[in-house]
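In: the following block contains a protein sequence and its predicted model.
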Amino acid sequence: MSFQNPVFIPGPTNIPEAIRKACDMPTIDHRSPLFGQILHPARANVQQILKSDSAEVFIFPATGTGGWETALTNTLSPGDTVLAARNGMFSHRWIDMCQRHGLNVEIVDTPWGHGLPADRYAEILAADKGHKIKAVLATHNETATGVKSDIAAVRKALDDAGHPAMLFVDGVSSIASMDFRFDAWGVDVAVTGSQKGFMLPAGLAIIGFSKRAVQSTKTAKLHRTFFDINDMTKGYDASAYPYTPAVGLMNGLLLACETLLKEGIENVFARHTRIASGVRAAVDAWGLELCAVSPDVYSDTVSAILTPEGFNATDIVSHAADKYGVAFGTGLGEVAGKVFRIGHLGSMTDVMALSGIATAEMCMVDLGLDIKQGSGVAAAQEFYRTGSKSVPLKDAA
């Protein structure tokens, strides 16, 4: 692997040099006012990126998994029922965590490659007259399959049923890269991590809580210590943490947020859509298909690309690393060996994406797949140049 080449995994993502340097800072007293000058602006900026005026932002020294645990343990009690669809590896892992915490999970098994079944959620919520379901779990962007889901539709299902369950959203690979609307979608807890759209090393779990979710901590009985948001709130009131914070990462987060907001968050979303569209144009030119079943669920941060039956897609990832020093993502769970993944989120440009497309193309040609060398690159170039896909000659006649 080469440190000179960008990575094309769905996280951790490439780190801009200025943000990397912001993390590399001298030791400061994390209980001094100086730390507050990092902490409070970083939290306020995250709130803006969540598109919220009211979300309480908590930042733990952890990863997205720690964020999931924060959501559950601060709001629920043993034996509570939660509703969740299993449509990929990461929704599966969140369900597993719930079960390990003694929660009752009503699971809606959904084919991988599909988005969350909001219509099925609506039926289940409408039938739950006793309101035993306390929370609905929704994975906004399923990283294993390159599938986004309609969170607004899940909120509508809750509202139409008049159901009081809280809405928890895994936005680990979407927040700060794809449009996310905490307030407009009525999200109660949103979870993400530093190593995706925020372009930082792994090490921070970033969570937004609604006022209702904060209030639920008063009755929640699941055990929590490290992830207790009430302890964290007391620390924040004193410009500190209840324990030692990851000061360098927090300083990096402050600059990362400033960078995103300076670009303009809508421009950030548009950039990810454009780059993803170029990757999709390349996939189409190769004659391959995405794991995501339809354009309405295409992710703008990761593309999971199906390879022909009988071919081990993991060979592309291994070959790219061994011969070209480039990292792609392997398939996970039910799609292991069936897809390889191109991550195109965070610090990514059209030109960087073209290098990843070219490398994937070379690998597939090297491994004997029926891919015309240059076809995917040309299709992506055309899109990045003009904003539209070229029409193949056979279709133009």
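Out: On my side now, so go ahead. Numbers count the residues shown, from 1 in each chain.

In: from now on I want contacts and neighbour counts done on CA atoms only, so please keep to that.
Out: Fine.

In: for T330, phi and psi?
Out: With angles defined as degrees, to the nearest 10, T330 sits at phi -80, psi 170.

In: ok, it touching A321?
Out: No. Taking CA atoms under 8 Å as the definition, T330 is not a contact partner of A321, at 11.6 Å.

In: look at D160 and say how many residues are nearby.
Out: Under the neighbour criterion other CA atoms under 10 Å, D160 is assigned a count of 12.

In: tell me the contacts of it?
Out: D160 makes contacts with A122, as judged by CA atoms under 8 Å, 6 or more residues apart in numbering.

In: which strand residues bridge E142?
Out: Applying DSSP bridges to E142 yields these beta-bridge partners: V147.

In: how many other residues sit next to it?
Out: E142 has 31 nearby residues by other CA under 10 Å.

In: please apply the same query to T225.
Out: Neighbours of T225 using other CA under 10 Å come to 11.

In: longest helix anywhere in the protein?
Out: helix 265-286 (DSSP state H).

In: run through who's touching the helix or strand that that one is followed by.
Out: Per DSSP states H and E, the first helix or strand lying C-terminal to helix 265-286 is strand 289-290. Strand 289-290 has contacts (CA under 8 Å, 6+ apart) with V283, S303, A304, I305, L306, T307.

In: and which of those is nearest G171?
Out: Of all the contacts of strand 289-290, the one with the least separation from G171 (CA to CA) is S303, at 16.4 Å.

In: that's a strand at that closest one, yeah?
Out: Yes. Assessed with DSSP: H, G, I helix; E, B strand; the rest coil, S303 lies in a strand.

In: and it, bridged to which residues?
Out: S303 forms beta bridges with I342, as assigned by DSSP bridges.

In: want to throw the contacts of strand 289-290 into CSV with neighbour count, pLDDT and distance to S216?
Out: Formatted as CSV, those follow (neighbours: other CA atoms under 10 Å; pLDDT from 0 to 100; distance: CA to CA, whole Å):
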residue, neighbour count, pLDDT, distance to S216
V283, 23, 98, 46
S303, 31, 98, 37
A304, 27, 98, 37
I305, 22, 98, 41
L306, 22, 98, 43
T307, 22, 98, 46
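
In: hmm, which two among those residues are most spread apart?
Out: Across the contacts of strand 289-290, the longest distance by CA to CA is 12.5 Å; it joins S303 and T307.

In: what is the neighbour count of T13?
Out: 25.

In: got the phi/psi numbers for it?
Out: According to degrees, to the nearest 10, T13 has phi -100, psi 180.

In: tell me the contacts of G387?
Out: By CA under 8 Å, 6+ apart, the residues touching G387 are R274.

In: ok, and the closest non-adjacent residue to S375?
Out: A285 (5.8 Å; CA to CA, 6 or more residues apart in numbering).

In: that neighbour reaches Q381, doesn't it?
Out: No. At 11.7 Å, A285 and Q381 do not qualify as touching, with contact defined as CA under 8 Å.

In: tell me the centre residue of this structure?
Out: Closest to where the C-alpha atoms of the chain average out (CA atoms, centre = their mean) is S173, at 1.1 Å.

In: so that one is in which element?
Out: Applying DSSP H and E, one finds S173 in no helix or strand.

In: doesn't T143 make contact with it?
Out: Yes. Assessed by CA under 8 Å, S173 is found in contact with T143 at 6.6 Å.

In: tell me the SS of F182?
Out: Under three-state DSSP, F182 falls in the coil class.

In: low-scoring stretches of the stretch 51-200 of the chain, by residue?
Out: For the stretch 51-200 of the chain, no stretch has pLDDT under 70.

In: show me the beta-bridge partners of G329.
Out: Beta-bridge partners recorded for G329 (DSSP bridges): R341.
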